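# just a sequence and a predicted model for now, questions to come.
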Amino acid sequence: MSDISVAEMSEAEARDELARLSGILAQANTAYHVDDAPEISDADYDRLKRRNEAIETRFPQLKRSDSPSEHVGASPSDGFAKVTHAVRMLSLGNAFEVEEVAEFVARVRRYLGLEPDSTLLFTAEPKIDGLSLSLRYEKGLLVQAATRGDGAVGENVTANARTVDDIPVRLDGAPDLIEVRGEVYMSHADFAALNERQKVKGQKVFANPRNAAAGSLRQLDAEVTRVRPLKFFAYAWGALSEPLSDTQIGAIQRLETLGFRTNPLTRLCNGKEEMLGHYALIEGQRATLGYDIDGVVYKVNDLGLQARLGFRSTTPRWALAHKFPAELAWTRLESIDIQVGRTGALSPVARLSPVTVGGVVVSNATLHNEDYIAGRGSGGTPIREGRDIREGDWVQVYRAGDVIPKIADVDLSRRPETAAPYVFPTVCPECGSDAIREEGDAVRRCTSGLICPAQAVEKLRHFVSRAAFDIEGLGARQVEQFYLDGWIREPADIFDLRKNYGTGLQQLKNREGWGEKSALNLFAAIDDRRRIALKRVIFGLGLRHVGEQASTLLARHYGTWDAFENAMRAAADTESAAWNDLLAIDGVGKVMAQSLTSSFAQEAERASLKRLLAHLDVQEAERPKTDGSPVAGKTVVFTGTLERMTRAEAKARAEQLGAKVAGSVSARTDILVAGPGAGSKEKKAQELGVEILDEDGWLTLIGQS
Ligand code: IVH
């Protein structure tokens, strides 16, 4: 039924379909807003809702009294006030392997420039699988509780938090202002009992303790939260009027003295071996703890060092989540499909007989690339002892954290006799052009660029995605349809849609979702995006290796589109100052830099960009918040040996303060920081009359002496 197009439906079919959609959408709403356990993706939800509306438009007489289009979506989350966190709530970098833990320790030591045998202490504690909460106390009174939300803005759940026994409403002897952070969770026993009660009452049961905890805390009626058995462990803090301690372990002890529960498995560890030892101990106790944990969190103990290490964009450099191994299951590989991405990469996808892995039904998994299927790793070394993967094989699927499921292994004893080695296509399955693999690249790519419909469509879908142009009413499905109609071939065409096809679109009454009103709304939404932030334009280009975070960094660094574009062209010459300047951005490596410059070097890409930019008014990027910074906007070069900090740290700190750090001295350099052993750079700076400081002078200037 759901396949019948709205235009071809009979009245009876439409009535049935409206009933079906109303049922599915109501269930999806409850699952999402009330139970915190979404059952369908946002995209599917939107698609069903639009289908419902299209049928109602065609058969207004059939509109149901409980029509989903009348449902204003008074979701509980709309009912919570928003809270902007005084200090952002961050996430943690992840590791699964012992080597990654070793690398984390080594990275921290390198960044801080520690002597090889010096002591570096870390705390290690369980990573609780619940939801994080920030509790603000002023003069000892709980004044606000907020969920993490997107890290910057969360939901105000103060009334609910007050009902949780583990959360004190009053603190004695606390700093005037303190934000205590930690995890709200539900124990296994409480979870089972809650589900039992829900069942008896005929209400929906929760999939796991985490969902139960989230659903219980995010209740509009705090009385519901009161009867739900929530618990809270404190493990971190946000804003403070005075420090809690000078060590992590000291701060945790202080939180305990203030009346919070902290995890009894928190330990101080001296180096990697002790950290891994404590990980093994926690893993051994996992099954009997009585609540869900999904790994161990390591944190640098010395808070002074934590401050020096600081943060990457969303994660602290001083902490790491060492996750427990992924969950595994065996199933049959039905077939291998090839998908063509926006950069032309041919990605093999495993279609599986559905199987439950760690509580989630999996029917697709990535197979990475052709070498992976053939049993070869990078550099041609065998993986899975060289066992290849074939259609019809029994394969082992695993999920690690929230990542896309992967295929780990294959069971040769169950291989069907008819199974043949998989032949990876050498032509693009979408456009038939050659798909080639460049030397040193693991990936085979379609060579026809935007001529390949799959690439063009993927690029357009990316262009309208949330972090890029985010045009209301123009989602992935709509651009794809317009592409098939021949109305939109490249991003610039979106902005000519009204001019070229305006009347046509307004008349598309029989096409799902379109009509005069929606067309006019779309044109208005497109016009809204002619004025656009630089980072969205850069991200929207969909260049390889240039994600959302990198786009923000680039936008901040270059400020304007013209500066960015000119720099990318100039940087094509890897001997140029522009190339060095690009590489000097913290977060931009050689691979990304090459991807950027090669895109700007392509004639077709440049022409397409020019057409796009003619429609846009690109806003100058916000500079990082550097109010009062004495070095904001200045170009600084470090040379010679630094004694009180490493190069990486010096650079990160200078950039945080709004300075640009360059690799070589030029007329544009404002300050040269020269340590012992400085050579030609210092000489050049003297010749150019550039201000020269020693390390202490620099630290005094930035107020860190
Ligand atoms: S520390 C700046 N410690 O894990 C880092 N987080 O993946 C602050 N979590 O959002 C977090 N147990 O919800 C920390 N012992 C623990 C934790 C923990 C669970 C959660 C927390 C955070 C997420 C990051």
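Done, it's in. Numbering: from 1, shown residues only.
# from now on I want contacts and neighbour counts done on CA atoms only, so please keep to that.
OK.
# how about residue 560: what's its closest non-neighbour residue?
Distances taken as CA to CA, 6 or more residues apart in numbering put residue 620 closest to residue 560, at 5.0 Å, once the chain neighbours are dropped.
# now the terminal residues of stretch 248-267, how far apart.
One end of stretch 248-267 sits 11 Å from the other (CA to CA, to the nearest Å).
# which positions in it come out as buried?
248-249, 251-253, 255-256, 258, 260-263, 266-267 (16 or more other CA atoms under 10 Å).
# low-confidence ranges, the chain, go.
1-3, 29-38, 40-43, 46, 69-79, 358-360, 400-403, 623-627, 705 (pLDDT under 70).
# near the ligand, which residues of it show up?
The chain comes close to the ligand at residues 90-92, 125-129, 131-132, 183, 235-236, 297, 316, as judged by CA under 6 Å from any ligand atom.
# quick one: buried ones out of those?
Neighbour-count burial (16+ other CA under 10 Å) applied to the residues of the chain next to the ligand gives 90, 92, 125-129, 131-132, 183, 235-236, 297, 316.
# pull the number of nearby residues for the residue lying closest to residue 421 once chain neighbours are set aside.
Of all residues not flanking residue 421 in the chain, residue 390 sits nearest, at 5.7 Å (CA to CA, 6+ apart). By the measure other CA atoms under 10 Å, the count of residues near residue 390 is 24.
# in three-state terms, label residue 390 for me.
Under DSSP: H, G, I helix; E, B strand; the rest coil, residue 390 falls in the coil class.
# same deal with residue 469?
Going by three-state DSSP: residue 469 is coil.
# what's the first helix or strand after the strand or helix carrying residue 254?
Assigned by DSSP states H and E, residue 254 belongs to helix 248-257. Under the assignment DSSP H and E, the closest C-terminal helix or strand after helix 248-257 is strand 267-270.
# tell me what that next one is packed against?
strand 121-128, helix 272-285 (3 or more CA pairs under 8 Å, 6 or more residues apart in numbering; DSSP states H and E).
# please identify the most buried of those.
Among the helices and strands packed on strand 267-270, strand 121-128 has the highest mean neighbour count (mean count of other CA atoms under 10 Å), at a mean of 24.
# next, the angle helix 272-285 makes with it.
Using axes from the mean of the first three to the mean of the last three CA atoms, to 10 degrees, one finds that strand 121-128 and helix 272-285 are set 20 degrees apart in direction.
# which is the next helix or strand following strand 121-128?
strand 131-138.
# just checking, what packs against that next one?
strand 141-147, strand 177-185, helix 209-217.
# out of these, flag the one nearest residue 638.
In terms of CA to CA, the element of the helices and strands packed on strand 131-138 nearest to residue 638 is strand 177-185, at 37.3 Å.
# so what strands line up beside that closest one?
Sheet pairing for strand 177-185, assigned by DSSP bridges, gives strand 131-138 (antiparallel), strand 231-240 (antiparallel).
# from residue 447, how far off is the residue in the stretch 501-650 of the chain that the ligand sits nearest to?
Closest approach between the stretch 501-650 of the chain and the ligand, counting by CA to the nearest ligand atom: residue 549, at 17.9 Å. Here the criterion is CA to CA. By it, residue 549 lies 28 Å from residue 447.
# do residue 489 as well
Residue 489 is 18 Å from residue 447, where distance means CA to CA.
# also residue 215?
Residue 215 is 48 Å from residue 447, by CA to CA.
# hmm, back to that, could you dump the strands paired with strand 177-185 to TSV with distance to residue 276?
Shown next, in TSV, are the strands paired with strand 177-185 (distance: least, CA to CA, whole Å):
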stretch	distance to residue 276
strand 131-138	25
strand 231-240	20
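# and these, which is most packed in?
Among those, strand 131-138 has the highest mean neighbour count (mean count of other CA under 10 Å), at a mean of 23.
# can you give me the helices in the stretch 501-650 of the chain?
516-528, 534-540, 548-558, 561-570, 577-583, 590-601, 603-613, 647-656 (DSSP state H, counting those that start in this stretch).
# could I get those helices as JSON lines with distance to residue 703 and mean neighbour count?
Shown next, in JSON lines, are these (distance: least, CA to CA, whole Å; neighbours: other CA atoms under 10 Å):
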{"stretch": "helix 516-528", "distance to residue 703": "43", "mean neighbour count": "16"}
{"stretch": "helix 534-540", "distance to residue 703": "31", "mean neighbour count": "24"}
{"stretch": "helix 548-558", "distance to residue 703": "23", "mean neighbour count": "20"}
{"stretch": "helix 561-570", "distance to residue 703": "31", "mean neighbour count": "17"}
{"stretch": "helix 577-583", "distance to residue 703": "26", "mean neighbour count": "20"}
{"stretch": "helix 590-601", "distance to residue 703": "33", "mean neighbour count": "18"}
{"stretch": "helix 603-613", "distance to residue 703": "42", "mean neighbour count": "14"}
{"stretch": "helix 647-656", "distance to residue 703": "12", "mean neighbour count": "19"}
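# how about stretch 641-648: buried residues?
For stretch 641-648, burial by neighbour count (16+ other CA under 10 Å) applies to 641-642, 645-647.
# check stretch 145-155 too.
Using 16+ other CA under 10 Å as the test for burial, stretch 145-155 gives 145-149, 153-155.
# and for stretch 448-464?
Buried residues in stretch 448-464, defined by neighbour count with 16+ other CA under 10 Å: 448-450, 452-464.
# please point out which parts of the longest helix seen in the chain sit buried.
Longest helix in the chain, counting residues (DSSP state H): helix 11-29. Within helix 11-29, the residues that count as buried by 16+ other CA under 10 Å are 14-15, 17-19, 21-22, 24-25, 28-29.
# what is the nearest of those to residue 208?
Closest approach to residue 208 among the buried residues of helix 11-29 (CA to CA): residue 28, at 17.6 Å.
# which residue, neighbours along the chain excluded, lies closest to the closest one?
Leaving out its chain neighbours, the residue that sits closest to residue 28 by CA to CA, 6+ apart is residue 39, at 6.3 Å.
# I figured residue 101 hits residue 321, correct?
No. The pair residue 101 / residue 321 is not scored as a contact, 9.1 Å apart, by CA atoms under 8 Å.
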